[in-house]
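Asker: sequence and predicted structure below; questions after.
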Amino acid sequence: MTSLPDWALDLGLRPHPEGGWYAETYRSQVPIGDRVSATAIVFLLMPGEESAWHRVRSDELWIHQKGGPLELDLGGSGERPQYADRTVVGSDPSVGHVFQSLVPGGHWQAARPAGDEPVLVACVVTPGFDFADFELAPSAG
């Protein structure tokens, strides 16, 4: 197990099925159909960790919080992910980072630290996240 940075120890993080560490920080009480209107988590990836290709039903907004930059890959909305685009979510727009990036609902996504620092992002999902809507990519082969 990777040791979490001191600044992350009080966040209540637990392992996420896609990889990395997370804690839910917000769940709206406003309904939209069969879901709440929005949810939010903090999500931490350590150097060498990756978020596996996955998708959720709803839009997901990734927002940089702390640490190094994050490479966020998009893989389309087909049956399997096919790399389409990479965004670097970070704190330095002078080198091409964006502070936040949207993954449209139903699109494959994967992430990893862009360097050798841990990275903490917030992820806001609307309509709200439910594990019933979470899909890991089929394994290759």
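Answerer: All right, it came through fine. Numbering: from 1, shown residues only.
Asker: hmm, who's touching the worst-scoring helix or strand of the chain on mean pLDDT?
Answerer: One helix or strand of the chain scores below all others by mean pLDDT, DSSP states H and E: strand 31-32, with a mean of 92. Applying C-beta atoms under 8 Å, 6 or more residues apart in numbering, the contact partners of strand 31-32 are Ser37, Thr126, Pro127, Gly128. For glycine as for every other residue, the C-beta is placed from the backbone atoms N, C-alpha and C.
Asker: that one pairs with which strands?
Answerer: strand 35-36 (antiparallel) (DSSP bridges).
Asker: so how do I select the buried members of the contacts of strand 31-32 in PyMOL?
Answerer: Those of those that count as buried under 16 or more other C-beta atoms under 10 Å are selected in PyMOL with:
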select buried, resi 126+127+128
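Asker: number of nearby residues for Ser58?
Answerer: 21 (other C-beta atoms under 10 Å).
Asker: do I have it right that it meets Arg35?
Answerer: Yes - counting by C-beta atoms under 8 Å, Ser58 does reach Arg35; the two are 7.4 Å apart.
Asker: shared neighbours of the two, anything?
Answerer: Common neighbours of Ser58 and Arg35, using C-beta under 8 Å, 6+ apart, are Pro127, Gly128.
Asker: so who does the residue nearest to Gly68 when sequence neighbours are not counted touch?
Answerer: Nearest non-adjacent residue to Gly68, counting by C-beta to C-beta, 6 or more residues apart in numbering: Glu117, 3.2 Å away. For Glu117, the contact set (C-beta under 8 Å, 6+ apart) comprises Pro47, Gly67, Gly68.
Asker: state the distance from the first one to Leu4.
Answerer: In this case it means Pro47. Here Pro47 is placed at a distance of 12 Å from Leu4 (C-beta to C-beta, to the nearest Å).
Asker: need the overlap of contacts for the two.
Answerer: Taking C-beta under 8 Å, 6+ apart as the contact rule, Pro47 and Leu4 both touch Pro118.
Asker: run a quick neighbour tally on the residue nearest to Pro113 when sequence neighbours are not counted.
Answerer: Residue nearest to Pro113 in three dimensions, not counting chain neighbours: Val119, with 4.8 Å by C-beta to C-beta, 6+ apart. Residues contacting Val119 under the criterion other C-beta under 10 Å number 27.
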